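K.L.:
sequence first, then the predicted structure, then my questions.
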Amino acid sequence: MFIGEYQHNLDAKGRIIIPSRFRDELHNTFILTRGLDGCLTIYSLEQWEKMFVELNKLPTTKKDARSYLRMLTTRATECTLDSQGRIIIPSFLSKAVNITKECVVVGVNDHIEIWDKKAWEDYYLEASNSFEEVAENLNELISND
């Protein structure tokens, strides 16, 4: 499980440190792709495969399903940690979500997100203002078995 928030910088070569708490669960190789809400997302290979078992159930006759799968996969890249725990974020991904230097790496249960620092602060402020309302709305979706 990935939890926590970590401040890091993208260096001149497009590298970022993956927090040491996340490295063991990711192992050495994982998938980096464009995420939702303006961030990049990292999935362990195991989680990536689990997610695709479910995504393969989407009907390819639906335009939204085809579009989502394309956006998720076409610029996805397999990453490997270097000896200092860094990865290179390809420029096409960093540009897609406006990451230039200051970043926030966030653990979100089964995946990791990488945000531009300003975008994260704006998102977090907005989400914080509706946290209780969202929790109440989602409560009915949670099974109480």
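P.N.:
Noted; the coordinates are in hand.
K.L.:
give me the longest helix you can find in the protein.
P.N.:
Counting residues, the longest helix in the chain under DSSP state H turns out to be helix 117-129.
K.L.:
buried residues of it, list them for me.
P.N.:
Lys117, Ala119, Trp120, Tyr123 (16 or more other CB atoms under 10 Å). (Each C-beta comes from the backbone N, C-alpha and C, glycine too.)
K.L.:
what's the answer for stretch 99-116, then?
P.N.:
Neighbour-count burial for stretch 99-116 [16+ other CB under 10 Å]: Ile99, Cys103, Val104, Val105, Val106, Gly107, His111, Ile112, Glu113, Ile114, Trp115, Asp116.
K.L.:
so what's the fourth one closest to, chain neighbours aside?
P.N.:
Counting by CB to CB, 6 or more residues apart in numbering, Val105 lies nearest to Tyr6, which is 4.6 Å off, once chain neighbours are set aside.
K.L.:
got the phi and psi for the one you found?
P.N.:
phi -140, psi 130 (degrees, to the nearest 10).
K.L.:
which residues sit in contact with it?
P.N.:
Tyr6 is in contact with Pro19, Val104, Val105, Val106, counting by CB atoms under 8 Å, 6 or more residues apart in numbering.
K.L.:
farthest-separated two in those residues?
P.N.:
Across the contacts of Tyr6, the longest distance by CB to CB is 10.8 Å; it joins Pro19 and Val104.
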